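Trainee: Any chance you could fold what I've pasted below:
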Amino acid sequence: MTTPGPTSVTTSAPVTGSATPAEAADDRRAVTGKRRIAFAVYVADADELPGLQALLRSLALSNPALCEDVVVLHPGLPDTAFDAARRLHPRLIPRTAAGRHDVFRLDGYDTVLALTPAMVVLGRLDALLKLRTGVAAVPRPGPDGAPDPRAGIPDDGLLVIQRQDLGAVDRRRNPGAADRRQGVGPVGLPAAMRIPESLLVPLDSRDDFRARRLHDDLPVPEGVVVLNFADAPAARTGLAPAHAERDRLDLDDEAFRAAYLALPGPKHPDLLPHLALPFPTGSRPPIDLVRQIAEIHRGCGRHDEAVALLGEAVAGRPDLPRCHETLGVCLMALSRYEEAETHLLLATASPDFAPRAFGQLARLAWLLGRTEEARGYALAGLESDPTDANCRAWYARTAEIVTPGRDSAAPPPGERPGEQLAHVALFADGEENAGDKVLPEAVRSCFTADTGPDHWHQQHAHLLVDEAVLERLNARRAVIVGGGGLFLPDTAPNGNSGWQWNIPDDVLARLTSPLAVFAVGYNVFDGQRYRRERFAASLRALVEQSAFFGLRNHGSVARVRELLPASLREKVRYQPCPTTVARHLDPRLAEPAVREDTVLINCAYDRAGLRFGHDYGHFLAEMAAAIRAVSASAEVRYAAHMPADERFVDDLRREHGLTLPVEPLYRLSNDAIRDLYRRTRLVIGMRGHAGMIPFGCGTPVISLVSHPKLAYFLADIDRPDWGVSVHERALGARLAERARAVLADHPAAVADVHDRQRALWSVTRDNLARLRELTGLPDPFGGPGAGVALPAPRSGADRESAARPDRA
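Mentor: Below is the predicted model:
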């Protein structure tokens, strides 16, 4: 059995519906190689619109967690003709077309599943959406009545089209008589676009089952995915069971909505609100439905809409702990902290929800700087459930005892604030992300040789910057913000800034210490939606206030400049992540004499739907093939930056019988993490810092591109060929080929890493020279050119030609 991908996958932004341009999905498929999938239906005239509507109802009722664009091709019907269909689907896109053959020319998509108004969907479409090659269809029957690929494909059947293959055919084709004879395809398809038999992927007849075969009132066979009424007799005689399947879809809007909402299991976050809202007037909607929609709003960053829904639903209802917990979390995301605390406290009244609510209360108190109170909430949660991991983590984080009676705003004894730099960043602890543990130390190493509390005042980015915090920041020599992917809306969301530093605009305006944004990344995922208004306004204020504003890759520079007025864009400059130049920052990281004969792999699973789309099963199978191939050259081990990363090892063992030893980096010290990465021969990583940290230690890397930032980094070092998209069809073969090439000539690969570091270090030194004017600190590296001696770069003739990660 193939490991299922994440449910409720969204692979592109809805084109119609409630989404506004301010919350449209971030589209970076050109750098991630992520597949864009669409359904396509050709409607020849208005008489076929009822069939289209029945098809849409069947699609939703049989695949409630699936929602891709539905492109309706038509010869020029008025736009109002599709109003009824729009009520049934949030992502309906009418386009004029010359005929059904235009499904082969659907721009903007990689995979097109072509249906007709004569079809209804009865089963799950997952297997069809996971197809990756050619044109899939049920062939016409041959002389013996069985489907025969040599007989061609019908012009009214289901098609699964991979447009990459059609493009290759179109570029190669010299349309002649012999070519036309060799091709198969719908009768109406122009000869130059007919599909070579070699590209036809035969489907089982159940994937596109002809209703006319069910004569004599035969029942619809079990497992039929699509029931096709094309060329079926108009008379219902003898086809009663088939027509009964279609008749049950003859629903008015209210009945269809009710049928969809009554379905068990997960529902797509675009489809559910579209069919549930607005709630019918005069009746109170089911509270579970309200909470589900509120959770969808929360997941899309629409916390205000979630609060509006839940606030009305729980009014006068203290007996709804789960709703009060969700409401409290959403209020916290809007920085309405007092209201959030009230609702979370109400949620603690239920033994079932008390641990979760206490964990959120601990986080809230910590955000507000009330450390002792946060520890008390965490302890209360552990008393409710001693096994609760979140409460245990908060208890550990807040375990430091605050001296009674001491003013928390006052500096510790012996501390001299005016000689310190304030550092705003994510400071990971416990078993949190290993990259976020290494990064702050690397940032500090750029400014001072001593990275400890004598020279640095630590301010976690998620903590609210109130008057007391502002006073502490203003007492420091300068404020350094970064590095890391702080420009991300859904990690610890707040209503003050719209990104990870929890600072209101009016407080930022009163920051008097020089401000430097250093090696921060625009970390939004491909396909991720967020509301840009608050973030854009905070970003503008931040750039205006900053004396230095450096982002860690040119991709982030471009994306942030898009959100700024022209007058501020030139303030945004490039500053590489300091982990990528670690060998220059720490002389202890000199090249080891002997490397271990290992290859380390890392994968990431946060926001898995955005990373993998429908391709997780394909990714896992291709990685299994690559690991088997590379294992002949070196021992393959797994480097987990977080406990959640170990899902890859579990899935690989369960689905493909492969077992990998695990290196739990989240339990190691920073020195041990760097030491592990500099002693291996190659790192194949999906997390950003699973590439940048080993690269900085002088180790060759190959990036598994599931996020734009990996491609951005490889573009910065002019090595896009070091990345392979997780959606690449030949991922296993390409990854194995590249890994074996690195291992076969490892000294040249290491020398190339060193060569690439030179440019990054040069940019960093130039920027640090400007920042020394800001901070007044001496150069910790002793002058230009100082640092670790580097081997000579490999010759240009030996370098592979650059190419961006291939798309699926």
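Trainee: Tell me the pLDDT of residue 501.
Mentor: Residue 501 is assigned 97 on the pLDDT scale.
Trainee: From residue 563, how far off is it?
Mentor: To residue 563, residue 501 is 16 Å away according to CB to CB, to the nearest Å. Backbone N, C-alpha and C define where each C-beta goes, glycine included.
Trainee: and the two? which has more neighbours close in?
Mentor: Legend: neighbour count by other CB atoms under 10 Å for residue 501 and residue 563, higher for residue 501 (27 against 18).
Trainee: If you tally nearby residues, what's the number for the nearest residue to the more buried one once chain neighbours are set aside?
Mentor: Leaving aside its chain neighbours, residue 501 sits nearest to residue 461 (4.7 Å; criterion: CB to CB, 6 or more residues apart in numbering). Under the neighbour criterion other CB under 10 Å, residue 461 is assigned a count of 23.
Trainee: so where's the stretch 351-500 of the chain uncertain?
Mentor: For the stretch 351-500 of the chain, the stretches flagged by pLDDT under 70 are 400-415.
Trainee: what are the ranges of the helices in it?
Mentor: Under the criterion DSSP state H, counting those that start in this stretch, the stretch 351-500 of the chain carries helices at the ranges 354-367, 371-384, 389-397, 434-445, 467-474.
Trainee: which one of those lies closest to residue 650?
Mentor: Taking CB to CB, helix 389-397 is the member of those nearest to residue 650, at 17.6 Å.
Trainee: in that closest one, what counts as buried?
Mentor: Neighbour counts over helix 389-397 (16 or more other CB atoms under 10 Å) mark 390, 391, 392, 393, 394, 395, 397 as buried.
Trainee: List of residues touching that helix?
Mentor: Helix 389-397 is contacted by residues 355-356, 358-359, 362-363, 366, 374-375, 377-379, 381-382, 385, 429-431 when judged by CB atoms under 8 Å, 6 or more residues apart in numbering.
Trainee: same deal with stretch 364-378?
Mentor: Under CB under 8 Å, 6+ apart, the answer for stretch 364-378 is 328, 332, 337, 340-341, 344, 358-359, 361-363, 391-392, 394-395, 397-400, 402, 408, 462-464, 466, 468-469, 502.
Trainee: which of those count as buried?
Mentor: Neighbour counting by 16+ other CB under 10 Å classes 328, 332, 337, 340-341, 344, 358-359, 361-363, 391-392, 394-395, 397-398, 462-464, 469, 502 among the contacts of stretch 364-378 as buried.
Trainee: helices or strands up against the helix or strand harbouring residue 626?
Mentor: Assigned by DSSP states H and E, residue 626 belongs to helix 616-630. When contacts are defined as 3 or more CB pairs under 8 Å, 6 or more residues apart in numbering; DSSP states H and E, helix 616-630 sits against strand 598-602, helix 647-656, helix 731-744.
Trainee: angle of that helix against strand 598-602?
Mentor: 170 degrees (axes from the mean of the first three to the mean of the last three CA atoms, to 10 degrees).
Trainee: mind listing what the next helix or strand after helix 616-630 pairs with, with the direction of each?
Mentor: Using DSSP H and E, the helix or strand that follows helix 616-630 in sequence is strand 635-640. Here strand 635-640 is paired, per DSSP bridges, with strand 598-602 (parallel), strand 662-664 (parallel).
Trainee: mind putting the ones you listed in TSV, mean neighbour count, mean pLDDT and distance to residue 80 included?
Mentor: What follows is the strands paired with strand 635-640, written out as TSV (neighbours: other CB atoms under 10 Å; pLDDT from 0 to 100; distance: least, CB to CB, whole Å):
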stretch	mean neighbour count	mean pLDDT	distance to residue 80
strand 598-602	24	98	52
strand 662-664	17	98	58
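Trainee: now those as JSON lines including distance to residue 535?
Mentor: JSON lines is the format used below for the strands paired with strand 635-640 (distance: least, CB to CB, whole Å):
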{"stretch": "strand 598-602", "distance to residue 535": "29"}
{"stretch": "strand 662-664", "distance to residue 535": "34"}
